[in-house]
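Engineer: Next input, structure requested:
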Amino acid sequence: MTHGQKKLAAFIAGRPDLFASELARRLGVARSTISQWVNGSRRPGRKNASDLESFSDGVVPSSSWDVAVERPLPQPQRQRSRRSRRRTSSAGAA
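Structural biologist: Okay, here's the model as predicted:
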(Lines give C-alpha, C1' and ligand atoms only; values in the text may rest on other atoms or scores of the structure.)
Protein backbone atom coordinates (compact mmCIF):
# COMPACT_ATOMS: atom_id res chain seq x y z
CA MET A 1 0.00 0.00 0.00
CA THR A 2 1.34 3.40 -0.88
CA HIS A 3 1.03 6.56 1.16
CA GLY A 4 -1.15 7.88 -1.65
CA GLN A 5 -3.72 5.15 -1.10
CA LYS A 6 -3.88 5.88 2.62
CA LYS A 7 -4.05 9.63 2.08
CA LEU A 8 -6.76 9.36 -0.59
CA ALA A 9 -8.87 7.03 1.56
CA ALA A 10 -8.50 9.40 4.53
CA PHE A 11 -9.32 12.41 2.35
CA ILE A 12 -12.53 10.80 1.08
CA ALA A 13 -13.48 9.56 4.56
CA GLY A 14 -12.83 12.98 6.07
CA ARG A 15 -15.17 14.66 3.60
CA PRO A 16 -18.65 13.16 4.11
CA ASP A 17 -20.00 15.61 1.53
CA LEU A 18 -17.63 14.22 -1.11
CA PHE A 19 -18.50 10.87 -2.65
CA ALA A 20 -16.05 8.93 -4.80
CA SER A 21 -18.38 9.49 -7.76
CA GLU A 22 -18.21 13.28 -7.24
CA LEU A 23 -14.42 13.18 -6.92
CA ALA A 24 -14.25 11.12 -10.12
CA ARG A 25 -16.46 13.60 -11.96
CA ARG A 26 -14.35 16.54 -10.84
CA LEU A 27 -11.11 14.80 -11.88
CA GLY A 28 -12.57 13.55 -15.16
CA VAL A 29 -12.10 9.84 -14.45
CA ALA A 30 -14.46 6.92 -13.89
CA ARG A 31 -15.71 6.19 -10.37
CA SER A 32 -14.15 2.74 -10.63
CA THR A 33 -10.79 4.42 -11.21
CA ILE A 34 -11.02 6.14 -7.82
CA SER A 35 -11.81 2.76 -6.22
CA GLN A 36 -8.82 1.19 -7.97
CA TRP A 37 -6.54 3.95 -6.68
CA VAL A 38 -7.81 3.41 -3.12
CA ASN A 39 -7.54 -0.41 -3.20
CA GLY A 40 -4.14 -0.35 -4.90
CA SER A 41 -4.93 -2.18 -8.11
CA ARG A 42 -3.94 0.96 -10.05
CA ARG A 43 -2.04 4.16 -9.41
CA PRO A 44 -2.86 7.53 -10.90
CA GLY A 45 -0.64 8.76 -13.69
CA ARG A 46 1.32 11.96 -13.37
CA LYS A 47 -1.47 14.24 -14.55
CA ASN A 48 -4.14 12.63 -12.38
CA ALA A 49 -1.84 12.61 -9.34
CA SER A 50 -1.13 16.30 -9.90
CA ASP A 51 -4.84 17.08 -10.36
CA LEU A 52 -5.68 15.13 -7.22
CA GLU A 53 -3.05 17.06 -5.27
CA SER A 54 -4.52 20.35 -6.47
CA PHE A 55 -8.10 19.28 -5.74
CA SER A 56 -7.21 18.08 -2.22
CA ASP A 57 -5.22 21.26 -1.48
CA GLY A 58 -2.09 19.17 -0.99
CA VAL A 59 -3.63 16.60 1.36
CA VAL A 60 -2.88 13.89 -1.22
CA PRO A 61 0.50 14.94 -2.66
CA SER A 62 1.47 13.53 -6.03
CA SER A 63 4.76 12.35 -4.54
CA SER A 64 2.86 10.06 -2.16
CA TRP A 65 2.06 7.76 -5.12
CA ASP A 66 5.75 7.36 -5.93
CA VAL A 67 4.97 9.20 -9.13
CA ALA A 68 7.71 11.56 -10.29
CA VAL A 69 6.72 15.15 -10.84
CA GLU A 70 6.88 15.99 -14.51
CA ARG A 71 10.16 17.67 -15.21
CA PRO A 72 12.05 17.80 -18.44
CA LEU A 73 14.74 15.17 -18.43
CA PRO A 74 18.27 16.41 -19.07
CA GLN A 75 19.39 15.61 -22.57
CA PRO A 76 22.50 13.46 -22.64
CA GLN A 77 25.51 14.94 -24.36
CA ARG A 78 26.41 12.95 -27.43
CA GLN A 79 30.07 12.39 -27.83
CA ARG A 80 31.55 11.75 -31.22
CA SER A 81 33.88 8.83 -31.54
CA ARG A 82 37.58 9.43 -32.17
CA ARG A 83 37.18 8.01 -35.66
CA SER A 84 34.52 10.59 -36.63
CA ARG A 85 36.62 13.40 -35.12
CA ARG A 86 39.60 12.35 -37.23
CA ARG A 87 37.50 12.32 -40.38
CA THR A 88 36.19 15.79 -39.64
CA SER A 89 39.63 17.23 -38.93
CA SER A 90 41.27 15.54 -41.95
CA ALA A 91 38.46 16.62 -44.27
CA GLY A 92 38.98 20.23 -43.30
CA ALA A 93 42.72 20.02 -43.96
CA ALA A 94 42.33 18.71 -47.52
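Engineer: Return, as residue ranges, the portions of this structure with sub-threshold pLDDT.
Structural biologist: Along the chain, segments meeting pLDDT under 70 span 67-94.
Engineer: Would you state the helices of it in chain order?
Structural biologist: Here the chain has its helices, by DSSP state H, at 3-13, 20-27, 31-39, 46-55, 82-93.
Engineer: The third one: which residues count as buried?
Structural biologist: To tie it back to what came earlier, the one meant is helix 31-39. Using 16 or more other C-beta atoms under 10 Å as the test for burial, helix 31-39 gives Thr33, Ile34, Trp37, Val38. The C-beta positions use only the backbone N, C-alpha and C, and glycine is treated the same way.
Engineer: Ile41 and Arg15, how far apart?
Structural biologist: Heads up, residue 41 is Ser, not Ile. Separation of Ser41 from Arg15 (C-beta to C-beta, to the nearest Å): 23 Å.
Engineer: same thing with Lys47?
Structural biologist: 22 Å.
Engineer: circling back to that earlier point, just put the helices of the chain in a markdown table and tack on distance to Asp66.
Structural biologist: A markdown table is the format used below for these (distance: least, C-beta to C-beta, whole Å):
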| stretch | distance to Asp66 |
| --- | --- |
| helix 3-13 | 8 |
| helix 20-27 | 19 |
| helix 31-39 | 13 |
| helix 46-55 | 10 |
| helix 82-93 | 41 |
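Engineer: and Ala10, how many neighbours?
Structural biologist: 12 (other C-beta atoms under 10 Å).
Engineer: list the contacts for the spatially closest residue to it that is not a sequence neighbour?
Structural biologist: Closest residue in space to Ala10, ignoring its immediate chain neighbours: Val59 at 7.9 Å, by C-beta to C-beta, 6 or more residues apart in numbering. If you count contacts by C-beta atoms under 8 Å, 6 or more residues apart in numbering, Val59 has them with Lys7, Ala10, Phe11.
Engineer: Do I have it right that the last one meets Phe55?
Structural biologist: No - the pair Phe11 / Phe55 is not scored as a contact, 9.2 Å apart, by C-beta atoms under 8 Å.
Engineer: Mind checking which of these two has more residues around it?
Structural biologist: For Phe11 versus Phe55, neighbours defined as other C-beta under 10 Å are more numerous around Phe11 (18 against 15).
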